[in-house]
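S.K.: Based on what follows, work out the 3D shape:
(2 chains)
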Amino acid sequence: MATATEPVAVPVAADISDKSPRTSFNFGRALAWIFMILVILASLFPFYWMLRTALSSNNALYAGSDSLLPVDTSWGGFERVFGLQTGQEAIDAGGAGQPINFWHYLANSVIVSCLVTAGQVFFSAMAAYAFARLQWRHREKVFAFFLAGLMIPAIFTLLPNFVLIKQLGLVDTLLGISLPTMLMTPFAVFFLRQFFLGISREVEEAALVEGASKVRVFFRLILPMSSAPLATLAILTYITSWNDYFWPLMVSYTDRSRVLTVALGVFKSQTPQTGPDWSGLMAATLVAALPMLVLFFFFAKRIVNSIGFSGIK
Amino acid sequence: MATIADAPRRKRKDDTQLAILFILPALIGFLVFLLWPTLRGIYLSFTKFNLLTPPEFNGLDNYVRMVQDPVFWNSLRVTVYYVIVNIVIQTALALAIAVMMQRLTKRTWLRGIVLTPYLVSNVVAALIFLWILDYQLGIGNRVLELIGMDRIAFLADSNWVIPTVALINVWRHVGYTALLIFAGLQTIPETLYEAGRTDGASELTMFRRITLPLLRPILALVLIITVVGSFQVFDTVAVTTRGGPIDSSRVLQYYIYDMAFGRFQFGYASAMSVALLVVLVVITFLQYRLTRAEQSDLA
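M.R.: Residues are numbered from 1 along each chain as shown, chains lettered A, B, ... in the order given. Predicted coordinates for the structure are as follows:
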């Protein structure tokens, strides 16, 4: 084991060795705080800049490119994003003029994320319960099989999954986007199984002796007792699904199934001839980011504490 | 436990029917959307397939083509370059942030702020920085000008584009990486630092002699997770540069996407996916061995 002892420092009298590191420590502390403040600024400034630009008028951005406050404050960017400006108005304000309606993409994103989250958490919980508590042959073998799924990078399955979704006739539908992650992920099953294993068997045995069925035990006992890990998993799944870009980009072609991330890419590529509609684009970006930031604001503690090594991830 | 009558226990012993019911949805998900696509992806890599007509087996043709394709090799080189810049900067910064948080304050608000960029999508991060780094109007270039430097065409200059994309992704992921390392730091007993302090060791010495060696297994795991993730870079490139200027940011995953959805050559795209998969497996294995991730020094 490594030791921190500096042999040279040993002969120094106890009272001095107690004092000298503290003074250097304070200096170091100040430097460390400066570093952390820079990190905080670097983390948050881009968000402020997005907000500041979204609230500016596009045509004023050129002259006021280094103003720290919004220039010629207006809701124009948001109006273009939600299709509240007519084509000509939008073009005059520096927009692309194509009709675009982020309410629709917002709704699509909400539907996909809800489907994925509800399905994945519930079905994974059922499987995790079977792996943690039910007695059946080959249980451990099947579980090892599931775990092996963790080794496959998600990106490898996207192309063949697209072929499958196309064969199922689900291209350009919200169900097609949701389906591959709606039934399980190996991580979700593993994560929940760990918690179910930790629940005391005695409560469960007591319910069983009183004649409750295992199905009832699962719904009335196991699920309520695991509400904290279930909520954590649900929040993380929701965020992941909301932020996904590559898979929905493959599956959705039209407004019918377009989610926010994909819509942002499309909006960006509709650059008007006069130059990008930055205030509109930043307003759109804000609309896509805000729901997750609000979610984070309410569940920050839970999300922050969920990051660690719960076994594998 | 043993006092409970044996009969009902034995009756419950085998839950096979119920278990099948409980794992059925997840099992279908696993077989249909994970296992089957994996096998099918490997199969498709040995075929000529344009999505409209059924795949035709063509042996090793795709792999022969891949070895001879200069764009493929360029993509691989660009990707590796990206991964190196991304991982080196991100890991160094994350380690620094984690250690500072450990020594300064363990309050949740600080960890929350550091994690905030991770909550938005790659697309959002890419677009914000596309604007901040815009050559004409971006505040980044205005700041460069104010401190007397020349403007930089961050995402339009073939020398700058990969470091820029790498830094955008550092911005989004460094907080998450820092929190993983921070979680690892909590496993190091505080008594070791107390002992170090009584012996008059400086913070730097303690970092070198206590923190780094004991953090090694966690750091190795973090590296494996982040390197594997980093190799899959796609979103940022797709939104900002689409591989340009002239292939200088055409990372492998973008080339694969373009081959499949731009040119409908699914067979060749699958072969390159298999190549990426092999690269990832080899790297994971090497890192695991080299960093001895399974052994802890905290015995």
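
S.K.: is it true that A:Val203 touches A:Pro224?
M.R.: No - counting by C-beta atoms under 8 Å, A:Val203 stays clear of A:Pro224, with 11.1 Å between them. Every residue, glycine included, has its C-beta placed from N, CA and C.

S.K.: Please name the residues that touch the residue in the stretch 51-200 of chain A that chain B sits nearest to.
M.R.: Distance from chain B to each residue of the stretch 51-200 of chain A (C-beta to the nearest C-beta) is smallest for A:Leu183, at 2.6 Å. With C-beta atoms under 8 Å, 6 or more residues apart in numbering or on different chains as the criterion, the residues that contact A:Leu183 are A:Gly119, A:Gln120, A:Phe123, B:Pro25, B:Ala26, B:Ile28, B:Gly29, B:Phe30, B:Val32, B:Phe33.

S.K.: Tell me the secondary structure at the spatially closest residue to it that is not a sequence neighbour.
M.R.: Ranked by C-beta to C-beta, 6 or more residues apart in numbering or on different chains and with sequence neighbours excluded, the top spatial neighbour of A:Leu183 is B:Gly29, at 2.6 Å. Put simply, B:Gly29 is helix when judged by DSSP: H, G, I helix; E, B strand; the rest coil.

S.K.: what's the pLDDT at B:Gly29?
M.R.: At B:Gly29 the predicted local confidence, pLDDT, stands at 94.

S.K.: Which of A:Val203 and A:Pro224 has more residues huddled nearby?
M.R.: Using other C-beta atoms under 10 Å in any protein chain shown, the more surrounded residue of A:Val203 and A:Pro224 is A:Val203, with 13 against 9.

S.K.: OK, contacts around the closest residue to that one other than its chain neighbours?
M.R.: For A:Val203, ignoring the flanking residues on the chain, the nearest one in space by C-beta to C-beta, 6+ apart is A:Leu221 at 6.6 Å. If you count contacts by C-beta under 8 Å, 6+ apart, A:Leu221 has them with A:Val203, A:Glu204, A:Ala207, A:Ala212.

S.K.: With A:Leu249 instead?
M.R.: With C-beta under 8 Å, 6+ apart as the criterion, the residues that contact A:Leu249 are A:Thr261, A:Val262, A:Gly265, B:Ala238.

S.K.: Need the residues that contact the helix or strand containing the first one.
M.R.: The one in question is A:Thr261. When elements are defined using DSSP states H and E, A:Thr261 is found to belong to helix A:260-269. The list of residues contacting helix A:260-269 from outside it, by C-beta under 8 Å, 6+ apart, reads A:81, A:96, A:100, A:102, A:105-106, A:108-109, A:242-245, A:248-249, A:252, A:258, A:276, A:280-281, A:284-285, A:287-288, B:121, B:123-124, B:127, B:130, B:238-239.

S.K.: what about B:Ile246, how many residues close to it?
M.R.: Using other C-beta under 10 Å, the number of residues around B:Ile246 comes to 9.

S.K.: Report the secondary structure state of the residue positioned nearest the centre of chain A.
M.R.: Centroid check for chain A by C-alpha atoms, centre = their mean gives A:Ile239 as the closest residue, at 2.7 Å. Classification of A:Ile239 using three-state DSSP returns helix.

S.K.: What separation do you get for the nearest residue to it once chain neighbours are set aside and A:Trp278?
M.R.: The shortest distance from A:Ile239 to any residue that is not its chain neighbour, by C-beta to C-beta, 6+ apart, is 5.8 Å, and that residue is A:Met292. Counting by C-beta to C-beta, to the nearest Å, the separation of A:Met292 from A:Trp278 is 22 Å.

S.K.: got it, and B:Thr105?
M.R.: From B:Thr105 across to A:Trp278, the span is 37 Å (C-beta to C-beta).

S.K.: okay, those two: which has more neighbours?
M.R.: When B:Thr105 and A:Trp278 are compared on other C-beta under 10 Å, the one with more neighbours turns out to be A:Trp278, at 23 against 13.

S.K.: quick one: contacts for that one?
M.R.: Applying C-beta under 8 Å, 6+ apart to A:Trp278 gives the contacts A:Thr53, A:Asn58, A:Leu61, B:Trp131, B:Asp134, B:Leu137.

S.K.: And the furthest pair within those?
M.R.: Pairwise distances among the contacts of A:Trp278 were taken by C-beta to C-beta; the largest, 13.0 Å, belongs to A:Asn58 and B:Asp134.
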